[in-house]
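Visitor: just to be clear, the model below is a prediction. Sequence and coordinates:
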Amino acid sequence: MYVEIIAIGDELTNGQRLDTNSQWLSDQLGQMGVSVRFHSGVGDDLEAGADVFLAAVRRADIVVSTGGLGPTADDLARDCLAAALGVELELDKASLEHIRELFRRRGRARRSWLCKGPHLHVRATTQRARGLGVRRRPR
């Protein structure tokens, strides 16, 4: 049985971060007697990600991916896999409720509250909460 590990994220392909997840996964799988044959890395790009998944499912018995599963628009692992398999994504209501409950319990639902009036949304960066800029109205 052969495994391929796919690491997804611009931060990995542009050198900002080192892919330690693939190293750790390979070590853990090796300790279980599973042979990792390939490591692939791909940036946050739908077409490139789908291509990597397609290649992986053709040459490995098991494909493990890491990264690209966050809440931001550039987290495309699900989309890439769906495109590679030729299927659509569908909302899993149980998963949505689970996520809502986690955020509620951790007090993070507060992040959804924004200042009323004109404001600018600042896209989240890796491992950080979404920012917010407020435009003051002239007096």
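Guide: Thanks, I have it.

Visitor: report the central residue of the chain.
Guide: Most central residue of the chain, judged by C-alpha distance to the mean C-alpha position with CA atoms, centre = their mean, is residue 68 at 1.7 Å.

Visitor: return the distance of that one relative to residue 104.
Guide: Using CB to CB, to the nearest Å, we find residue 68 at a distance of 25 Å from residue 104. All C-beta spots, glycine's among them, are computed from the backbone N, C-alpha and C.

Visitor: please apply the same query to residue 96.
Guide: Residue 96 is 12 Å from residue 104, by CB to CB.

Visitor: thinking again about what came up before, which ones are touching the residue nearest to the centre of the chain?
Guide: Contact criterion CB atoms under 8 Å, 6 or more residues apart in numbering gives 8-9, 44, 49, 75-78, 80 as the residues in contact with residue 68.

Visitor: list only buried entries from those.
Guide: If you count burial by 16 or more other CB atoms under 10 Å, the buried members of the contacts of residue 68 come out as 8-9, 44, 49, 75-77, 80.
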